[in-house]
Each structure stands twice: as structure tokens, then as C-alpha cells.
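Novice: only the shape, not the letters, is given here:
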């Protein structure tokens, strides 16, 4: 589209919204931002009244809403227009740093080696396998580039091969709202089957008869997974049998198959409680049995090997412990303890082998891999030798082996896949992500520091920067945080971040309460009526980095996404003077209104995370920090908010309303930008690797331009 036509289209949109535009040499100085109309909406609860002037932006089908979002996009593009060259430079850096024709490390499952690969110039992976030997002929299972033709967005997940290894089931989402279609392919003939199951989740579990598949269907309004069905290949999906329905609207449910292939499992879950049902995979027409009835605040996770179930449970064990029981006696009175509770170690997961139990733990904020033989051999831990890192077991499908496959990375070590011999304790590096463009890990330094919170608690911070960088207040610094759901933020390698570090940025992660880096209590101290610890911890980390000479408020930037966007919205309300700029990706910023709306996704299932505002105590507490409700007339840092119209988890109107209110209330001249993917993105962003490169280049250009370090 020509520049003249672009300008005319923008003029029509903006005039319809009563916005005047003056195009000058520097758009941020000359262009007036879109102004959303104010339509007061009275919201009353517990005798308290709020007036929401932008409630109307929730009207998804209202053309005026679409026009406003388009006007915001046009404004953002014009304001950021002077960074186009920088965005192009960053895109080329990313593409030049990441190997474009590449393949994953093959893993063995049954008779085949599986892997995926990318080809130069192609957006999506190609999923392949080879029978019995890596020297065998390649079989292309699925080429996502072919499936993507005609779609602006595509996400293909849950590739599951049938028991006889001749059929592939997979889930396809071409909108971004996580309504999938399950499709099937004959891997022998290469033909797609006529069976298609639309409007379902990505859950897929094959029975062992090679023709029965279990899947989960979500509520069409709340998107809560609530029904599990059984489908027989060749039959009409409309006639599929309902085998389980979760009637408690505070729970989700999903279905999967155990690593042992012996059982199909249904798990009902919400934030602090789980309940499992199991079915012999050789008897797909049988009835699911309850493993252990749900109980308030009892979380347990079930795995299977031979004649026993293995259970990770928090019953009388805040940081969890490991139990086992016979497959014929699942009642809790029959459970036997294998690994006791430890106050200083969080049990995160296990991998079961014939002769070994691999225990995935977290201590002092760092992941550990513990090798525990079933026999007399002494147990030991893997040594990673860096102050901050990410390590996890992956692709271990064979019980009868002494080889553990795991992945390791750090701020300075690209993703590295190892095979570890648990008997000899020898490790073999199979592949390290090849980073091109002259990257040398020796040019960078990683540190682990601690900020002291207001209540004297030490908050870990992972930091990386170029070795020659001097600690003074001239350094730009990007501080990232999340701090919700017990999700830990580990110091993993990111090839994009190198473009910031090489321009003099410091990059840091604040391991704030609400995550689980320092154990279950770390999570407990950052949720419900202690949620504000998450925000004050982040502020304390920012102040510590300034005090220690890493940066200054005029050079400090912050970023977070989803619940991390709530964090960003809260801290810029609390301490706007502390930051130069903020990036909020798909931010959950209208926390109170959304928590009161049971018709939107994630509301009822997350009361144990945020509290139920139908209870006045929680209403008042959420109101006290909800970013949208606490925007005041004062100076704010520069803000970039990114959202997707089809986002299934954080609705587009939350950042749209937030941006509109910030513009109306703030007393400074800093930028407030909104970018909405109206057609082709979901909660996880755009699809396709080159699209991801361009989106990241756009965000980084926003930061680099404000930092003045082109």
C-alpha cells in the first residue's frame, strides 16, 4: 500500500474518532494520539461504586471498537516510523545469529527416531522420523509450512503417534483463540484421514487399540476444559461419547497418556487442588476410576511404572514429597514414602527408569538434577558450574536405559542437549545451539545478586552484561519479572537479548515472590492477600540495581507479559519515577473487573490465585493494586502495550482500556503506545519464526530508541 493511501486511510479512521493528526519530522512530537470516547459505566459491588469510562471497548463486534484499535495501530506505526531502519537492522541481526537451516536432536521412541527441522526462508518446522536407525530414509510426518498456506496464523501442537506407530493425530489452531481442530494422518500412505474434530482443546490421548482417541472440549464462552470425549476413527465426531464432565466451574480438566502407555489419565485441576482418574489403555470402552478424590488445597501428580503408581504430593509437605502405591490400591492409606518433605528443597518432578529415579529439584533458587539408583549405588547430583541457569530432563521415553537426556542453558550458554550416563557419570554433548554472527560467550558476565525487601527478605536477581561494561548510571538496563502461579523465571539463553547486551544494556531477571524459585512458601507469599509482595519485591530489585551502580531511573526499563503485565502495570502506578520505559505484553491489567466476570476465560478457575472478589476482603485488596483502577493523574514512564484481538487468556480490551485511561490521566509527554494484532495472533503472540523476529525487533527498537544507544 502506498504512503499516500496509508495516510488517507489513517485520516478517515482518526477523523471518525475526532482525532487530529499533524505529520512532522518526529511523529512523537507532532502526532496527537487517538482519544477513545468516554462512555461512563457504573460498576457496583459490595456497596462500592466504580465508574469505567472505557467499558464499551469490550464490545468485540462493535465496528467503532475495531476502528479504534486500528487507529491505535496506525498511530503506533507512525510514532515508531523513525525506527524502521533500526527494526530492520535488528531483524537481520536475529536472522544472522540464528541458524536458518537446522534440526533438533533426534530422540528415540519405540521403533523410530523423531526430530524436527527448519529450512532457510521457511516460517515453520517440518516434523520427521526415521525407522530404527538415523541412517534410514527420512519420513516427513508433517510439514507445517504446507498446512500454513492460506492462513495468517497457525499453531500446530500435540503431535501424537498411535500405538502401532502408523497414525498421527495433531491439533491445529488457525485463529489464536486456542480452539483447535484435531486431524489425523496415515503415516504409511501419507494421506490425511477424513476424521476431523473441530472446536476442541489440544489434548490428545490414544488408546492401545490404535483406533480410539480421547480428547477434551472446552466451554465455548469461558474456554474452560470441562468435557472429555471418546472418538473412534471412521465415526462421526458428532456421535462421540462423553466419558467425563467436570461440573465444578472452578476446575479445568484435561486428558493424557502415561509414559508407560498403560493408562489414559483425566486430571481435574485448579490452582491448589487436583484429582485424577485412570483407565487401562487396553480397555478404551471401560470406565475411568478415581485415583484419589479431590480435597481442598491438596495437589498431587501421578506417574506410572510397572506395578506401581508414583505420586508427588503436598499432603503434609509444603514443598512436596514422593510416594508410591500399588496399581490396585490407590487409596492414600496405602501410599509409601520414597522421598520425604524437605523445608529447603522443592520437589518439582521425576523421571523413572528401570534402575534409576531422576529427581528434579529446586534449591536456593536453582534447578538441580538428582540421580537416585534403586539399588545400592550412591546417589549424586549433576554439577552445572554456573551461578544462574536452566536445566531440565527432556525426551526420556525409554525405561530400560541408563542414559538420561537433559537440556541445559544459561544467560551465556546456548541451549545444549546432553546424554548423561547415570552409571559411569559421563556426559555427552549432543548439540549446542549454534549462534552465528560472531557470538562469543566469553564476552559476557553472569552474576547472581540479592536485593533486600522491605520485610528483610532477600530477593534473587540474575544479571548478564558485556564484560567490558562499567558499572555506572549511564547503562541502560532491562529488568524482567513475572511472579505468579508459582512459575519460576530461570536464567536461560535468549539469542535476541544479545542485541541489547551488545548495545550496552544490562539484562536482569527479578526472582520475585509469587514465583517458586525459593520453594513453595515463596509462591504462597506472593498470592492472594500477599500479592503486593510481588510488586514491592520488583521495586526493591530495581532500587537495588540503581544503588549498586548498574543503571539509573532515566535508563531503567521494565518488561513482563500476561500476569507479568499485571506486575508492570502495578509498579508503574506505584513508582512511575523509577522507570524510563515499560513493555507490557498481553497484560492482565483490568484485574478487578475481569475477576468479577465469570463469563470470560480463567475467572472461576483462578480464585485461589487472586482471590474471589465476590468476597469483600478480596474485592478491596484486588482494587488496591489493579493497574487499571489505580491509574492517577501524575507522570508516567513511556509505555508500550501489546495485545491480540483473539487472545484467549487476557482479553484485548484490558490493555486497550488501560492505554486509553493512561492517556487521559497522565500529566507528562511520554509515549503510551498500543499495538493490537487484530487478526493473526494469540496469547503467545504471532506464529512463524520470522514474524517473531520482527515483533521482537519492534519491541527492542522501542527500548533502544528511548535509551539512545542505536
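Specialist: All right, it came through fine. Keep in mind that what you see is a predicted model, and the values were worked out from it rather than measured.
Novice: which stretches of the stretch 301-450 of the chain have low pLDDT?
Specialist: Within the stretch 301-450 of the chain, not a single segment meets pLDDT under 70.
Novice: ranges for the strands of it?
Specialist: 308-313, 321-326, 336-339, 346-352, 356-363, 366-373, 380-381, 390-393, 403-409, 416-421, 427-432, 444-452 (DSSP state E, counting those that start in this stretch).
Novice: what about those, which gets the closest to residue 136?
Specialist: strand 427-432 (18.6 Å; CB to CB). All C-beta spots, glycine's among them, are computed from the backbone N, C-alpha and C.
Novice: parallel or antiparallel, list what pairs with that closest one.
Specialist: strand 416-421 (antiparallel) (DSSP bridges).
Novice: contacts for the strand it pairs with next, please.
Specialist: Under the criterion CB atoms under 8 Å, 6 or more residues apart in numbering, residues 105, 382, 394, 402-409, 426-433 lie in contact with strand 416-421.
Novice: same question, stretch 80-90
Specialist: 26-27, 499, 673, 694, 696-698, 700-702, 704-705, 710.
Novice: what do you get for stretch 109-119?
Specialist: In this structure, residues lying in contact with stretch 109-119 by CB under 8 Å, 6+ apart are 100-108, 124-134, 145, 161, 165, 397-398, 689.
Novice: got the buried residues for it?
Specialist: 112, 113, 114, 115, 116, 118 (16 or more other CB atoms under 10 Å).
Novice: restricted to strands, list those residues.
Specialist: Taking DSSP state E as the definition of strands, those contribute 112, 113, 114, 115, 116, 118.
Novice: with pLDDT and distance to residue 265 added, can I get those residues in a markdown table?
Specialist: Output for those, formatted as a markdown table (pLDDT from 0 to 100; distance: CB to CB, whole Å):
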| residue | pLDDT | distance to residue 265 |
| --- | --- | --- |
| 112 | 97 | 24 |
| 113 | 97 | 27 |
| 114 | 97 | 22 |
| 115 | 96 | 27 |
| 116 | 95 | 26 |
| 118 | 92 | 33 |
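Novice: tabulate these (CSV), appending distance to residue 245.
Specialist: As requested, those are exported to CSV (distance: CB to CB, whole Å):
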residue, distance to residue 245
112, 36
113, 39
114, 34
115, 38
116, 35
118, 41
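Novice: ok, the residues you listed vs residue 95, which is closest?
Specialist: Distances from residue 95 to those, taken by CB to CB, are shortest for residue 118, at 11.8 Å.
Novice: is that closest one bridged to anything, and to what?
Specialist: Beta-bridge pairing for residue 118 (DSSP bridges): residue 102.
Novice: so how far is residue 493 from it?
Specialist: Distance of residue 118 to residue 493, given as CB to CB, to the nearest Å: 18 Å.
Novice: which residues in the stretch 101-250 of the chain form strands?
Specialist: For the stretch 101-250 of the chain, the strands defined by DSSP E, counting those that start in this stretch cover 102-103, 107-109, 112-118, 126-131, 139-143, 155-161, 167-173, 180-186, 192-200, 205-206, 212-218, 225-232, 241-245.
Novice: now tabulate the ones you listed in TSV and tack on distance to residue 87.
Specialist: Shown next, in TSV, are the strands of the stretch 101-250 of the chain (distance: least, CB to CB, whole Å):
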stretch	distance to residue 87
strand 102-103	24
strand 107-109	37
strand 112-118	22
strand 126-131	28
strand 139-143	30
strand 155-161	24
strand 167-173	27
strand 180-186	32
strand 192-200	37
strand 205-206	43
strand 212-218	37
strand 225-232	38
strand 241-245	49
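Novice: which ones are touching the residue lying closest to residue 398 once chain neighbours are set aside?
Specialist: Closest residue in space to residue 398, ignoring its immediate chain neighbours: residue 108 at 6.7 Å, by CB to CB, 6 or more residues apart in numbering. Taking CB under 8 Å, 6+ apart, we find residue 108 in contact with 114, 397, 398.
Novice: name the SS class of residue 86, please.
Specialist: What DSSP: H, G, I helix; E, B strand; the rest coil gives for residue 86 is helix.
Novice: now find how far off-centre the helix ranked longest in the chain is within its chain.
Specialist: Longest helix of the chain, by residue count under DSSP state H: helix 689-707. Centre-to-centre, helix 689-707 and its host chain are 19 Å apart (CA atoms, centre = their mean, to the nearest Å).
Novice: buried sites along it?
Specialist: For helix 689-707, by 16+ other CB under 10 Å, it's 689-707.
Novice: which residues touch that helix?
Specialist: 80, 82-83, 86-88, 90-91, 94-95, 98, 118, 123-124, 476, 478, 496, 499-500, 503, 505, 555, 557, 580-581, 583, 585, 638, 640, 642, 673, 675, 685-686, 710.
Novice: one more: stretch 598-611?
Specialist: Contacting residues not belonging to stretch 598-611 are listed as 221-224, 249-252, 270-273, 484-485, 527-529, 531, 591, 594-597, 617-618, 621-622, 648-649, 651 [CB under 8 Å, 6+ apart].
Novice: mind checking the end-to-end distance for stretch 192-209?
Specialist: Across its full length, stretch 192-209 reaches 19 Å between end residues, using CA to CA, to the nearest Å.
Novice: touching, residue 180 and residue 196? I think so.
Specialist: No. Using CB atoms under 8 Å, residue 180 is not in contact with residue 196; the gap is 10.6 Å.
Novice: these two: which is more packed in?
Specialist: Shown here are residue 180 and residue 196; by other CB atoms under 10 Å, residue 180 has more neighbours (27 against 12).
Novice: residue contacts, the closest residue to residue 41 other than its chain neighbours?
Specialist: The spatial neighbour of residue 41 that comes closest, neighbours along the chain excluded (CB to CB, 6+ apart), is residue 55 at 3.7 Å. Each residue near residue 55 by CB under 8 Å, 6+ apart is listed here: 39, 41, 43, 593, 657.
Novice: sec struct for the third one, please.
Specialist: To tie it back to what came earlier, the one meant is residue 43. Under three-state DSSP, residue 43 falls in the strand class.
Novice: who does it bridge with?
Specialist: residue 50.
Novice: make 70 the first number, not 1, from now on.
Specialist: In the new count, where the first residue is 70, that last one comes out as residue 112.
Novice: right, and it touches residue 666 too?
Specialist: No. Using CB under 8 Å, residue 112 makes no contact with residue 666, being 10.4 Å away.
Novice: where does this structure dip in pLDDT?
Specialist: 70-98, 749-757.
Novice: would you mind giving the domain segments of it?
Specialist: 156-164+514-776, 174-219, 227-367 (automatic domain parsing).
Novice: okay, those in TSV with distance to residue 381 next?
Specialist: Converted to TSV, the domains of the chain look like this (distance: least, CB to CB, whole Å):
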stretch	distance to residue 381
domain 156-164+514-776	12
domain 174-219	24
domain 227-367	10
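Novice: for residue 377, which of the ones you listed is the nearest?
Specialist: domain 227-367 (10.3 Å).
Novice: how near is the residue in the chain sticking out farthest from the centre to residue 424?
Specialist: Taking CA atoms, centre = their mean as the measure, the residue most remote from the mean C-alpha position of the chain is residue 445, 40.3 Å away. Here residue 445 is placed at a distance of 11 Å from residue 424 (CB to CB).
Novice: could you do residue 273 as well?
Specialist: 31 Å.
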